[in-house]
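Got a predicted structure plus its sequence, pasted below:
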Amino acid sequence: MEKEELYTTAYMARLKITEEEVEKLKAAFSQMVEYFDKMKEIDVSNLEPTTHALLTSNRVRKDIVKEHNKTEAILDNAPELEDRFIVTPNVL
């Protein structure tokens, strides 16, 4: 990536970069492109698509309906009530 491209990209991202940062970014970008080129050489035609490299099972808990009647406990903690509604300050 050329210096002008880095400055243009930084401008579009609303970033101010110094000359020293440009040199570091050029080196990092070159290294990243080299890694991408190495990755292109790997044959992945027989691999199944995955969403996560180490995901072996669903980590989300089961969606089980439980009966909870905590209405009274919630209302007891409210600083101010009107009938069975929690009073909040007006915003507008």
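The structure has been received and is ready for your questions.

make it CA atoms for all contacts and neighbour counts henceforth
OK.

ok, which stretches of this structure are helices?
In chain order, the chain shows helices spanning 3-12, 19-40, 71-77, with DSSP state H as the criterion.

Low-confidence stretches in this structure?
Judged against pLDDT under 70, the low-scoring parts of the chain cover residues 55-56, 58.

quick one: furthest residue from the center of it?
For the chain, the residue at maximal distance from the C-alpha centroid (CA atoms, centre = their mean) is Asp83, at 41.9 Å.

Show the contacting residues for Lys24.
Lys24 is in contact with no residue at all, counting by CA atoms under 8 Å, 6 or more residues apart in numbering.

From Leu92, how far out is it?
To Leu92, Lys24 is 50 Å away according to CA to CA, to the nearest Å.

Over to Glu82?
Remark: distance between Glu82 and Leu92 (CA to CA) = 20 Å.

who has more neighbours, these two?
Each of Glu82 and Leu92 had its neighbours counted (other CA atoms under 10 Å), and the higher figure belongs to Glu82 (7 against 3).
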